[in-house]
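Q: No sequence on hand, only this structure:
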């Protein structure tokens with residue numbers, strides 16, 4: 001297989017984080033309506049789900065979603081290599097290994113953030129995947145586990161895994177506390193230490209280092225890009241998706257386009273109609289991803305209530321859109 005090289009760091013300049021129960025293919029289609037160039041990630045898919053489950057259900061996506069990365073969860077090199085190969089065969093542009101999720105359920109599967117305690121195992125996993133696929137194999141991880149705040153811990157982890165062929169590291173700049181905190185608390189309580197990600201870039205200049213954690217706007221993104229190669233935004237992009245509307249222009253130099261929230265909503269409705277016809281997917285399971293589209297605007301709460309009204313689930317999506325717009329002030 002071709003060696004894993006990083007010839008285009010712009011690929012990782014800006015991305016939306018993998019988020020369980022959120023970044024499914026419908027969410028990603030919606031995000032792609034807002035930004036063409038931002039890298040999108042799947043929810044984490046476990047090796048067990050692919051080896052023993054319904055592969056098309058887990059790997060199906062819309063062609064419009066590219067560039068698109070598949071995030072895998074697992075700790076057995078052979079299983080990860082097999083699933084990485086599946087991902088490449090399905091057309092994903094990147095395979096990412098989750099070494100950052102702190103949930104106890106994931107820990108029971110012996111993967112996620114607890115893998116940071118075993119850098120050589122992670123290196124073996126990466127090597128197995130690199131040998132199997134020609135697309136980039138990347139790792140998303142924390143800066144430490146529990147209350148160990150020694151920079152040497154994360155530097156040793158990155159150095160060991162890099163030797164196995166990983167050239168791209170996405171650094172969630174918080175520790176993962178493996179006991180005593182919920183996943184939500186693990187995103188809020190351990191302090192953010194961006195300087196450790198910056199230091200990794202300084203100490204490993206040939207690697208692509210991306211930063212993640214607590215990033216909420218374009219000014220923060222621009223500041224981080226002065227120090228690292230890429231920025232990954234998570235919940236801020238999900239809850240306030242209009243943030244992404246100018247990313248192509250601001251960060252990728254694309255000519256501005258005239259778009260409105262109404263136009264994006266209408267395009268999403270067209271998608272929901274197609275999905276319902278082709279796959280029988282209820283619009284309600286797709287519309288939930290766009291409920292932040294009017295974030296901060298007058299009438300946003302009432303608009304969300306209409307789109308969330310279970311009594312309307314049998315109505316066509318465009319009819320619900322008309323009802324939603326009849327309930328709120330006109331958009332600017």
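A: Thanks, I have it. It should be emphasised that the depicted structure is a prediction, and the values quoted were computed from it without experimental measurement. Numbering: from 1, shown residues only.
Q: how about residue 259, what does it touch?
A: Residues counted as contacts of residue 259 (Cβ atoms under 8 Å, 6 or more residues apart in numbering) are residue 245. (C-beta placed from N, C-alpha, C; glycine too.)
Q: Same question for residue 249.
A: 255, 256.
Q: quick one, strands of the stretch 201-332 of the chain?
A: Under the criterion DSSP state E, counting those that start in this stretch, the stretch 201-332 of the chain contains strands at 208-212, 230-233.
Q: partners of the first one, with directions?
A: Each strand that strand 208-212 pairs with, and the sense of that pairing, follows from DSSP bridges: strand 168-176 (parallel), strand 230-233 (parallel).
Q: Pull the residues that contact it.
A: Residues external to strand 208-212 that are found in contact with it (Cβ under 8 Å, 6+ apart): 6, 9, 12, 15, 17, 140, 167-173, 194, 197, 200-201, 224, 227-234.
Q: Any of those residues buried? List them.
A: 6, 12, 15, 17, 140, 167-173, 194, 197, 200-201, 224, 228-234 (16 or more other Cβ atoms under 10 Å).
Q: one step back: looking at the strands paired with strand 208-212, which is nearest to residue 279?
A: For the strands paired with strand 208-212, proximity to residue 279 was assessed by Cβ to Cβ; strand 230-233 is nearest, at 28.8 Å.
Q: chain center to that closest one, what's the gap?
A: The chain centroid and the centroid of strand 230-233 are separated by 9 Å, computed with Cα atoms, centre = their mean, to the nearest Å.
Q: Start and end of stretch 19-27, how far apart?
A: Terminal residues of stretch 19-27 lie 10 Å apart, using Cα to Cα, to the nearest Å.
Q: Could you list the buried residues of that stretch?
A: Those would be 19, 22, 23, 24, 25, 26, 27, for stretch 19-27 by 16+ other Cβ under 10 Å.
Q: Same check on stretch 58-78?
A: Residues 58-59, 61, 65-77 are the ones in stretch 58-78 that count as buried (16+ other Cβ under 10 Å).
Q: Kindly report the same for stretch 183-201.
A: In stretch 183-201, counting by 16+ other Cβ under 10 Å, buried: 186, 187, 190, 192, 193, 194, 196, 197, 198, 199, 200, 201.
Q: picking up where we left off before, I'd like the list of the buried residues of stretch 19-27 that fall within helices, please.
A: 25, 26, 27 (DSSP state H).
Q: Quick check, the last one in contact with residue 289.
A: Looking back up the chat, that one is residue 27. Yes. Judged on Cβ atoms under 8 Å, residue 27 makes contact with residue 289 at a distance of 4.0 Å.
Q: who touches both of the two?
A: Shared contacts of residue 27 and residue 289, defined by Cβ under 8 Å, 6+ apart, comprise residue 238.
Q: Domain map for the chain?
A: Listed domain ranges for the chain are 9-252, 261-326 (source: automatic domain parsing).
Q: Of those, flag the one that's most buried.
A: domain 9-252 (a mean of 19; mean count of other Cβ atoms under 10 Å).
Q: got the end-to-end distance for that domain?
A: Domain 9-252 has an end-to-end distance of 12 Å (criterion: Cα to Cα).
Q: just stretch 161-179 next, same as before
A: Counting by Cα to Cα, the terminal residues of stretch 161-179 are separated by 25 Å.
Q: cool, stretch 32-40 as well?
A: Terminal residues of stretch 32-40 are spaced 8 Å apart (Cα to Cα).
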